[in-house]
Structure formats: C-alpha cells, structure tokens
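A.B. asks: Take a look and give me a structure for this.
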Amino acid sequence: MKLLKYALAGIAAAAAIAAIGVAVLIANFDANKFKADLAAAVKDRTQRTLAIEGAIKLAFFPKIGIELGRLSLSEPNAGAVFAAVNSARVSVELLPLLSKQIVVDRVAIDGLRANLISRKAGGSNFDDLMGGPGATGGKTNEAAAGLNLQIAGVDISNTELQWTDEANKRQFTIKNLQFKTGKLSAAKPAKFELALHLAAKHPELDVQISGSGSLSFDPPAGHYRLENLAVSASGTAAGLAISKLDVEGALDFKPDATSIDALLVKFSGKRGSDGIDATLGIPKARVAKGAIKADRISLVLKLARTDGGIEATLNVPGMQGSGSAFKSAGLTLDFAGKQGDNSFKGGLASPVSGNVEAGRYQLSRLAGNVNVTGPNLPKGAVSVTLTGNAAVDLPKKNAQLNLAAKFNQSSIDAKLDLKQFEPLALAFDLRVDQINLDQYLAPGNAKQAPGNAQQAKSAAATPIDLSALKAVNANGAINIGTLQVSGVKAADINTRVRLADGRLELNPHSARLYQGSTAGALTIDANGNRYSLKENLSGVNIGPLLKDLANKDMLEGRGNLALDLNSAGSSVGALKSALGGSARINLKDGALKGINLAETFRKAKAALGAKAATEQGAKAQEKTDFSELSASFAIKGGIAHNEDLSLKSPFLRVSGSGDINIGADTIDYLAKASVVSTAGGQGGKDLAELKGLTVPVRLSGPYEALKYRVDFGAMVGEVAKEKAKGAVTKAIGEKLGIGGTQQSGQGADLKDQARKALKGLFGR
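C.D. replies: As a prediction, the model looks like this:
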C-alpha cells in the first residue's frame with residue numbers, strides 16, 4: 001500500500017511539475033521571435049517574400065490555435081503582392097485528437113486579397129503553391145482516411161480576388177466576398193450563405209450574386225455535395241441587363257462521378273428594348289466513369305420586341321455518351337412568334353452529337369418547317385420546308401450550315417461557313433432557282449406610288465442605317481435564276497459579294513433583263529455612307545425598265561446605257577442631292593413620251609397668229625418617234641447637265657442642252673427641233689413644206705407635272721436672222737417684193753414683216 005501511495009504521490013508530483021512547466025512555457029513562449037525564421041523558410045522554399053506585420057498569438061490548451069494579424073505574400077522573385085490577409089484565426093481541440101477526431105473551431109479569415117494570373121505561355125502565378133501530383137506519395141490520404149474531421153464553421157469576409165487570363169485578355173474581379181457556414185462534417189450537411197460582386201471586362205460584366213444552400217463533404221473520400229441550392233444574380237453582362245437570374249437544384253461531386261439533380265435556371269432581362277426570358281431545366285444527369293447520361297434537357301426562350309416577339313422550346317431527350325462525347329437521337333425545337341403584321345410557327349428536328357472537351361457539336365440530319373401568315377403574303381400564307389445539316393467548333397470559333405429550302409415556287413440552296421463568331425466572318429454560296437420578292441413586301445415597300453408627293457418626301461428623308469455592315473465580314477457568291485424585286489424583272493443573276501470593315505462590294509455582277517443584259521460593280525461603304533456604281537446596260541428595252549423601276553412612262557427604245565455614279569449621304573434625299581459622276585445613253589427606234597412634235601409643228605400657224613409662245617402639260621398619250629437618240633450627262637451635286645442631245649427621225653432633228661435636278665426631281669431643258677426634208681415618218685408628208693424650220697421647246701417642272709413651252713417668238717426671230725437661207729427666206733422675199741436681199745433699215749420692221757410673211761406662207 002505504501003508503495004502504491006508513494007507511486008501515486010510521485011505521479012501527482014510529476015504531473016504538477018509538468019503542469020507548472022507548461023504554464024511557464026506558455027507564459028514565456030514568444031512566437032513572434034520566429035517571424036524571421038518563418039519568412040526565411042518561405043523564401044527558401046518558394047522564392048516568395050512573407051511579411052508578417054501583426055503579432056502571432058498561439059494557444060496550446062484546451063485548443064491548439066493560432067491567430068495572425070496582417071500578413072502578405074509576394075509573387076515569386078518579385079516585390080509585387082500576390083496575396084494579403086488582414087487577419088486569420090483557427091484552432092483545433094486537443095483532446096479529440098487522441099481518438100483520431102479533428103475538431104476545428106471556426107475558421108475566420110478577414111480581408112483576403114489575392115491576384116491570380118493565368119499566363120499567356122501556360123501555367124499560373126500560383127502553380128508553385130499547389131504542389132506536385134505525387135507530393136504526398138499517397139500516405140496523406142491513407143492517414144486521413146482514419147480521421148473524423150469536423151469544423152465548427154467557416155467565416156470569410158471582405159475578400160477580393162482578381163483573376164487575369166493573359167491568353168484571352170480577360171480579367172475577372174470578385175469583390176466583397178462574404179461566405180459563412182454552420183458546422184461542417186461528413187455526417188451532416190451544413191448550411192451556408194454566400195454574397196459577392198463579380199466584375200469583368202471583355203466581356204463586360206457587373207453582377208451582384210447572393211445564395212444559400214447546404215454543403216456536406218468528406219475530404220478523405222473526395223466527396224462534396226451541394227443541396228437546396230438557391231443562387232440569385234442581377235446586374236449587366238455582355239450587353240444584357242439582368243433583372244433576375246435564379247439557380248436551383250443539387251450538385252454531387254465524387255472522384256469517379258458527378259451528378260445533377262433537379263437543376264433549374266431562370267433568367268429575366270433585356271437587351272436594349274428587347275425583353276428576354278429563359279428557363280433551363282435538367283431533371284437528372286450523371287457523368288460516371290466516362291459515361292454521360294441525361295434523361296432530358298429543356299430550354300424555353302421568350303423574346304419580346306416592340307414589333308412582335310418569339311417563343312421557342314428546345315428539348316433534348318435521352319442524351320448519352322462516354323468520356324466527353326455525347327449523342328441524342330431526337331433534338332427538337334418548336335417556335336412561334338409575330339413580326340409586324342406577320343405571324344409564324346414552325347419546328348426543327350435533328351439527331352445531335354458532340355464532344356464537350358473538344359467543343360464540337362453537330363446536327364447531322366436537320367429537317368423542319370416554317371409557316372408564315374400575313375395580309376401582304378401570297379394567298380395570305382407561306383409554307384417553307386427545310387433540310388440540311390450543321391456543325392459548330394467552339395475552340396476554332398467556326399460553324400458550317402448546309403441548307404435546302406422550298407416555298408411557293410422557289411427553291412433555295414445555301415452553304416454557309418462561319419470562319420469566326422466575333423466579329424462575324426463568313427463565306428457563303430447561295431443559289432435560288434426563282435423568286436418574286438414583291439410577293440413578300442408590303443405594297444408601299446415595293447415602289448412609290450405616283451403623284452403622292454408627301455409620301456415621296458417622307459421616304460426621301462428616312463435615314464439609311466448601314467451600321468450592320470460593320471459587324472460582319474463576308475465573302476461569297478449569289479446565283480438567281482429569275483428575280484423580281486420592286487417591280488424590276490431579271491434573270492441569270494450572278495454576283496460576287498465581298499464585305500469587310502463596313503465596305504460591301506458586289507463585283508462583278510451580271511444579269512439578263514428587258515431583252516438585254518447588264519454588268520458592273522456596286523460598292524457601299526458604311527464608313528461615311530458612301531456609294532459607287534459602274535453599270536453597263538446593253539440592248540435593253542428602256543420603256544418597260546423605266547416603268548417597272550421608277551413608275552415613269554417617259555421614253556421608249558432599245559439600246560445601251562452606261563453609268564458611272566457616286567454619292568454619299570445618310571438618307572435617300574441626301575444621296576440624290578450629292579450624286580456625281582457621268583451617264584450616257586444610246587437608243588434606237590423609240591419615242592419620247594408626253595409630246596408630239598409633229599403635231600406641234602402642224603399647229604405652228606395658229607400659234608403664230610395668237611401669241612409668241614404656248615405652254616402645255618405632258619400628255620401620256622402623245623409621243624415623238626425617233627430612229628436614234630443619244631446623250632451624255634455630267635453629274636455634280638445631284639444635277640445632271642447635258643450639252644449634246646441628238647435625236648433623229650425621218651422628218652425631225654432635235655438637239656438641246658439643260659439640267660436634270662435629280663435631288664429636286666425637276667427638269668429645266670431647252671430642246672431645238674428642226675424639220676428635215678422627207679416625205680416619210682411621223683407626219684412627214686404634212687410637214688415637208690416646213691423644211692429647215694427650228695422650234696425651241698423648253699421642258700420644265702417636276703417629273704410628275706412636266707410642262708412643254710414651245711417658243712414660236714424665238715422661232716420667228718431666228719427665221720428673220722436667217723432670211724437668206726432656204727425656202728423660208730425665199731418665200732419671205734417674194735411676199736415683201738425685195739427679192740433675195742434686204743438692206744438694213746429698208747421698209748417696216750423686219751421681224752414684223754417676217755411674222756406677216758409666215759402667216760401668208762401657212763395660209764391657204
């Protein structure tokens with residue numbers, strides 16, 4: 001008994017001495033003396049500088065813990081700060097360690113700042129801190145497998161993380177990160193709350209995010225699960241104004257499997273004035289041992305615009321695959337909507353396959369239909385059937401689409417190759433057998449009705465927006481068998497299209513039209529709204545062309561027209577007023593519409609007896625026939641000036657000069673018509689006795705109300721000046737009794753005598 005008593009006393013004494021020793025150690029231990037040693041060790045191992053500004057506080061019983069003030073860690077071999085913390089605190093209960101339980105008190109980190117960089121050449125600025133894949137030799141996990149880890153909670157506050165992707169020139173910043181959890185253990189899920197501000201450039205991103213849920217984890221087993229997930233976001237992203245973005249569901253992560261349960265994503269926002277709503281649903285999906293399986297994926301998209309909208313539903317049932325590859329036999333897309341007065345409805349279906357890791361996706365057998373109804377459509381409706389295939393390669397940022405469409409009497413084959421998504425660059429080949437676009441345009445869009453000056457003025461002032469050309473680069477060919485647009489009919493249309501940096505070229509282009517052909521080049525440059533056109537029409541029947549193109553019935557004949565035009569302006573009116581260049585026309589066997597010069601000559605007697613000039617409006621039923629007509633125009637500031645008009649007919653010759661004001665839609669032109677010696681042609685026999693007589697005819701006024709002013713007074717003056725020439729001079733001499741000559745100052749006024757003589761000449 002004494003031995004036992006002494007032994008217990010000795011143990012008690014030893015315990016007391018040990019307790020006193022620990023107390024003395026705690027009281028006299030100064031961890032701050034080891035700051036330099038700790039900084040040196042970090043420098044030696046990572047080539048980073050560790051700076052500990054605050055005091056280090058240690059605790060040994062009943063918890064082993066550490067509390068740090070402000071500290072920072074530099075970039076490797078650099079002075080720039082990689083990460084910094086205002087304060088951090090963590091402790092572990094001592095006694096549970098004896099039974100292989102790790103019970104951690106709340107882990108608190110405040111004011112964490114970190115600058116993470118993904119290098120352009122590969123790797124990151126924190127690779128050295130992550131350790132190699134074989135650093136633990138597998139022993140750590142084996143040792144950890146027998147431990148029961150519990151954490152009373154995690155409290156992260158006022159954290160800011162910056163991520164820079166040098167390769168893609170993108171930068172993301174997480175500001176004011178707040179993360180708080182309840183008790184964490186493998187046995188029971190812990191609730192968590194999250195809030196942060198996410199900002200970025202390229203793409204533009206400014207989003208406020210908050211969320212909650214339950215987190216359970218088992219680190220030794222590598223098992224983590226998020227349940228009751230409810231995350232909300234609002235802000236702006238890539239041009240979208242996000243009113244609300246909600247994410248619900250559950251995610252389960254294991255080393256050999258990842259599962260999604262009841263995932264639901266709802267989005268509501270705007271792009272400009274367009275409203276967008278979308279809902280993504282994945283009831284159940286699983287990736288395990290390289291195999292992918294999803295029962296169904298659905299996406300509902302709604303787009304609301306001021307002039308209509310669309311609602312589309314995408315369903316992908318029965319998706320499966322292995323590794324990162326997947327396939328589904330039945331992707332379907334159903335859509336319906338409205339655009340202006342037109343409503344549309346349709347659907348598409350195709351098998352779908354892809355590789356998520358490679359970023360490649362394919363629709364191998366695309367088939368669909370679209371039905372459009374509207375008051376301005378042929379028979380009120382158009383039905384379109386589609387077949388083809390499509391493929392997308394996201395890493396290469398390109399896509400291909402082969403499409404065949406049939407509607408009404410038209411068949412279209414299109415091949416599109418998107419070389420890049422942003423800015424959009426594509427190559428294409430478009431072939432159409434026949435199409436009448438006027439059937440699908442509202443009546444007012446086909447061409448301006450004549451006589452409606454207010455509508456014409458409004459249309460001329462409507463701005464032309466070419467900004468869409470700046471967003472696309474394109475190169476391709478278009479071939480159309482027969483085409484009608486704005487009333488103009490053409491066939492065998494071929495053109496090469498080039499669009500780059502806002503400059504569109506249709507060069508060369510060619511077509512058959514109105515019993516002739518045309519070829520040339522058109523350039524439209526959105527940088528300054530500039531236009532240029534070089535066009536050569538050969539053997540064209542000009543009358544039907546003018547009627548169909550401009551609703552003008554002014555000219556008949558067949559021949560050639562050469563145009564070299566340029567202009568700049570933001571509206572049709574501005575373009576017309578700034579038009580410059582040149583034009584030349586050569587026609588044969590035609591007619592000028594609106595005036596009958598033969599009839600005008602026959603009325604010369606009455607006109608001379610009444611007044612010096614007479615004016616009349618153009619009359620659609622009247623015309624002046626010609627065998628040849630030619631003219632060239634110099635165009636500047638919207639005014640086409642002509643000096644070399646030449647019109648020939650069996651009885652008539654016409655020359656002239658003047659202006660066509662294209663900007664104001666008016667004409668001011670003086671034509672001089674002369675009778676030639678002939679007995680044929682339009683009224684030739686009746687006018688043979690007027691050989692050599694020249695009549696000035698002035699055309700003036702707007703296109704829609706042209707006036708013809710026949711100046712007989714000027715005609716008489718010309719006859720008086722040329723009294724010694726031709727049959728008219730001889731007749732005047734006989735009437736006056738002065739023979740073939742007349743001296744200045746003899747008798748009455750010569751002009752008055754000429755007028756009287758002409759009256760006698762035309763008398764019976």
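
A.B. asks: average pLDDT for the longest strand seen in the chain?
C.D. replies: What stands out as the longest strand in the chain, according to DSSP state E, is strand 619-636. Mean per-residue pLDDT for strand 619-636: 88.

A.B. asks: all strands for the stretch 501-650 of the chain, in order.
C.D. replies: 503-513, 516-525, 530-541, 555-568, 580-594, 613-617, 619-636, 639-648 (DSSP state E, counting those that start in this stretch).

A.B. asks: Can you name the element that comes right after the last one?
C.D. replies: So the one you mean is strand 639-648. strand 652-661 (DSSP states H and E).

A.B. asks: now Thr236, nearest residue through space, not along the chain?
C.D. replies: Asp206 (5.0 Å; C-beta to C-beta, 6 or more residues apart in numbering). Heads up, the C-betas are built off the backbone N, CA and C, glycines and all.

A.B. asks: I should have written Ser91 there, sorry.
C.D. replies: Closest to Ser91 by C-beta to C-beta, 6+ apart is Gly65, at 2.6 Å.

A.B. asks: how close does the one you found get to Asp105?
C.D. replies: Counting by C-beta to C-beta, to the nearest Å, the gap from Gly65 to Asp105 is 7 Å.

A.B. asks: so what sits against both of these two?
C.D. replies: Listed contacts common to Gly65 and Asp105 are Val90, Ser91, Val92; contacts here mean C-beta atoms under 8 Å, 6 or more residues apart in numbering.

A.B. asks: So which of the residues you listed are in strands?
C.D. replies: Judged by DSSP E, the shared contacts of Gly65 and Asp105 include Val90, Ser91, Val92 as members of strands.

A.B. asks: possible to save the strands of the stretch 501-650 of the chain as TSV with distance to Asp252 and mean neighbour count?
C.D. replies: Shown next, in TSV, are the strands of the stretch 501-650 of the chain (distance: least, C-beta to C-beta, whole Å; neighbours: other C-beta atoms under 10 Å):
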stretch	distance to Asp252	mean neighbour count
strand 503-513	53	17
strand 516-525	56	17
strand 530-541	60	17
strand 555-568	63	18
strand 580-594	71	18
strand 613-617	87	13
strand 619-636	75	17
strand 639-648	77	17
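
A.B. asks: rank the ones you listed by pLDDT, which is bottom?
C.D. replies: Mean pLDDT is lowest for strand 613-617 out of these, coming in at a mean of 59.

A.B. asks: Any regions of the stretch 151-300 of the chain where pLDDT drops low?
C.D. replies: Within the stretch 151-300 of the chain, not a single segment meets pLDDT under 70.

A.B. asks: got any ranges where the stretch 601-750 of the chain has weak pLDDT?
C.D. replies: Residue ranges of the stretch 601-750 of the chain with pLDDT under 70: 601-620, 677-692, 711-750.

A.B. asks: typo on my end, it should be the stretch 301-450 of the chain
C.D. replies: Scanning the stretch 301-450 of the chain for pLDDT under 70 picks out the ranges 323, 442-450.

A.B. asks: Could you pull out the strands in it for me?
C.D. replies: Counting by DSSP E, counting those that start in this stretch, the stretch 301-450 of the chain has these strands, from start to end: 308-322, 325-339, 342-355, 360-373, 381-393, 398-407, 410-420, 424-436.

A.B. asks: Before I go, just wanted to say thanks for your time.
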